[in-house]
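A.B. asks: here's my sequence, what's the structure:
(2 chains)
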Amino acid sequence: MIRLDKVSYQIETSAGAVQVLRDIDLELPDGSISAIVGPNGSGKTTLARLVSGLLRPTSGSVRLLPDGDIQPVMDVRPGLDVGLVFQNPDNQLVATTVEDDIAFGLENLELPHAEMVRRVGDALHLLGLEQFRDYPPHRLSGGQKQKVAIAGVLAMKPSFLILDEATSLLDPTNRREVMQTVLRLNSELGIGIVIVTHLLDEVLVASRVGVLANGALAAWDSPRAIFSDPAVVELGGLVLPLSARASFLMQERWTDFPLCLTPEEFARATCQLN
Amino acid sequence: MSIELKNVDYIYDSGEPFEYFALRGISLHIDDGAFVGVVGRTGSGKSTLVEHLNGLLFSTRGDVIVDDERVSNERTVLAKIRRRVGIVFQYPEDQFFAETIFEEVAFGCRNYGFSKEQVDESVHKAMSTVGLDPERFLPLSPFQLSGGEQRRVAIASVIAMGQKYIVLDEPTAGLDSGSKLAVLTELESLRQTGNVTVILVSHNMDEVAEFCKEVVVLDGGTVAFQGSTDAFFRDAELVDRTGLELPESYRLARALKECGSTLTVNEGSTGRMLDSLRLCVSDLGGA
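C.D. replies: Sure thing, here's the model as predicted:
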């Protein structure tokens, strides 16, 4: 698991020091799916970069704990332990073909050629990108580009994958496809997933949701618990799903009406009333 | 006055081996004062279409007409068109360059030759419109702001120029839900009070259902639908075929119908749906 102990992060600006994150304690179990939400400017991206080892905390620690063991603990190695996928794939794609792009990170590992070829092949296969092997990435759709970015991260065989609003530029179909792929990587390969998002659907697939507000972790709970607390919803810059608002309305008459987070849940609950 | 497209084709790399029809036979009419959504899957031609509206691209065939003026590559025409149509691109904050927010927002106005007083007034008004206190924000660096604030500054820098058509290419991508709602509500009030036409390119069907009365649906560079947003979302098969998804209120109405619930709700905006549910619940309760 990845464990954050009292993680704080501070940047220096012309106006003095700004505390971006303070005293974050968090445990992300191996193979788990977590979501991080929070208003713009609450520190989500900074947290994603700290967890992935791209940034070092000003104080506190981000450590990787080998499975079932308390010791030894080690610092997270960016890319190798935790892969980060950014919002805009154009900022993450560098090479002239899909294959070269996926191989780019691996080339820095000084792996034997055969191993590199194998890993690139596996990543292409896992993401269903075989037919695009020789394509220039810029000719692909947004969703396909994002999959190439994920493939490149995956080829490094990280134990965690962090998606920093990785679907916010995609259309609904591509978004669904990328999310399905990510969930498959979790269930088939046991890769731990951290989703930084503003989108309800992506919050609902997580078993735990962290709500960041003003640089502090305001809540760390199941999606249902998060959405049952209007104060937390507001702190997190979220809006209640329509189904939840409809549930609250139903509760005015039927006090034991459950909190529903999707239209399908809501319909089922109302039919049980009849 | 209105924006009109007549049989517009746009071909990238025309005549080259990789020539590609981005738009094919597009005919559209956008009325003054409308709040129109432009939707469609990635690669359906939304951004290409939008770039025709103020002469960033010129149609390969067909005409784009803004207020009776045919968009062409001619200097005087372009100057006129661009005074009328403003575009907020995707991730507009990536283009910030100025040292203060005032300078950032004032840049376009100065290019249009506004007097010092006009610049001042427009900048202040635009900042208030996007819900940012001018006194507090104008002296700051745009790079000090959060993502939601930066997006609003970028929108302010376009609306400060006072164009009557504002085109926004995914203005809420990457914003938190609270900021999303705030930005769109501000645009709606600008439309109502400022006599502005808003053209919103979006992947978020909930916001389209909430704010856009009309919608243009693109699919493979052609218009798959143009008309009332409600009529489009009632055609679930067409929504699916064009690679889009139903907004939550339509999904809710459909799910209730499918499970044979006695509750019926009105699709459309959040307010409309909740009001109808409230009525329905009080009817049931009285029985």
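A.B. asks: what about A:Asp5, how many residues nearby?
C.D. replies: The number of residues packed near A:Asp5 is 16, by other C-beta atoms under 10 Å in any protein chain shown. Backbone N, C-alpha and C define where each C-beta goes, glycine included.
A.B. asks: for it, give its distance to A:Leu259.
C.D. replies: Using C-beta to C-beta, to the nearest Å, one obtains 33 Å as the distance from A:Asp5 to A:Leu259.
A.B. asks: from what I see, B:Asp67 and B:Ser2 are in contact.
C.D. replies: Yes - with contact defined as C-beta atoms under 8 Å, B:Asp67 and B:Ser2 form a contacting pair (7.3 Å).
A.B. asks: overlap in contacts, those two.
C.D. replies: When contacts are counted by C-beta atoms under 8 Å, 6 or more residues apart in numbering or on different chains, B:Asp67 and B:Ser2 are jointly contacted by no residue.
A.B. asks: leaving out the residues flanking it, which one is nearest to the residue of the stretch 1-150 of chain B found nearest chain A?
C.D. replies: With C-beta to the nearest C-beta as the measure, the residue in the stretch 1-150 of chain B that lies nearest chain A is B:Ser146; the distance is 2.5 Å. Counting by C-beta to C-beta, 6 or more residues apart in numbering or on different chains, the nearest residue to B:Ser146 once its immediate chain neighbours are dropped is A:Gly41, at 2.5 Å.
A.B. asks: surely A:Thr197 and A:Ser34 touch.
C.D. replies: No - taking contacts as C-beta under 8 Å, A:Thr197 lies outside contact range of A:Ser34: 10.8 Å.
A.B. asks: show me what contacts the residue lying closest to A:Leu154 once chain neighbours are set aside?
C.D. replies: Distance criterion C-beta to C-beta, 6+ apart; nearest residue to A:Leu154, sequence neighbours excluded, is A:Ala123 at 5.0 Å. In this structure, A:Ala123 makes contact with A:102, A:129, A:151-152, A:154-155, judged by C-beta under 8 Å, 6+ apart.
A.B. asks: buried set for the helix or strand harbouring A:Ala123?
C.D. replies: Using DSSP states H and E, the secondary-structure element containing A:Ala123 is helix A:113-126. By neighbour count, with 16 or more other C-beta atoms under 10 Å in any protein chain shown as the criterion, the buried positions of helix A:113-126 are A:116, A:119-120, A:123-124, A:126.
A.B. asks: tell me the helix or strand right after that helix.
C.D. replies: Along the chain past helix A:113-126, the next helix or strand (assigned with DSSP H and E) turns out to be helix A:142-154.
A.B. asks: identify each buried residue in that following helix, please.
C.D. replies: Going by 16+ other C-beta under 10 Å, helix A:142-154 has these buried residues: A:142-154.
A.B. asks: and stretch A:26-45, by the same measure?
C.D. replies: A:26, A:28, A:30-45.
A.B. asks: what ranges does the stretch 151-274 of chain A have for its helices?
C.D. replies: Read by DSSP state H, counting those that start in this stretch, the stretch 151-274 of chain A holds these helices, from start to end of the chain: A:172-189, A:200-204, A:223-227, A:230-235, A:242-253, A:263-273.
A.B. asks: nearest residue to the residue nearest to the spatial centre of chain A in space, please, no chain neighbours.
C.D. replies: Centroid check for chain A by C-alpha atoms, centre = their mean gives A:Ile195 as the closest residue, at 1.9 Å. Spatial nearest neighbour of A:Ile195, excluding adjacent residues (C-beta to C-beta, 6+ apart): A:Ala35 at 4.7 Å.
A.B. asks: contact residues of the stretch 1-150 of chain B facing chain A?
C.D. replies: B:40-43, B:90-91, B:141, B:144-149 (C-beta under 8 Å from any C-beta of the partner chain).
A.B. asks: so is stretch A:15-23 next to chain B?
C.D. replies: Yes - part of stretch A:15-23 sits close enough to chain B to count as contact by C-beta under 8 Å from any C-beta, namely A:Ala15.
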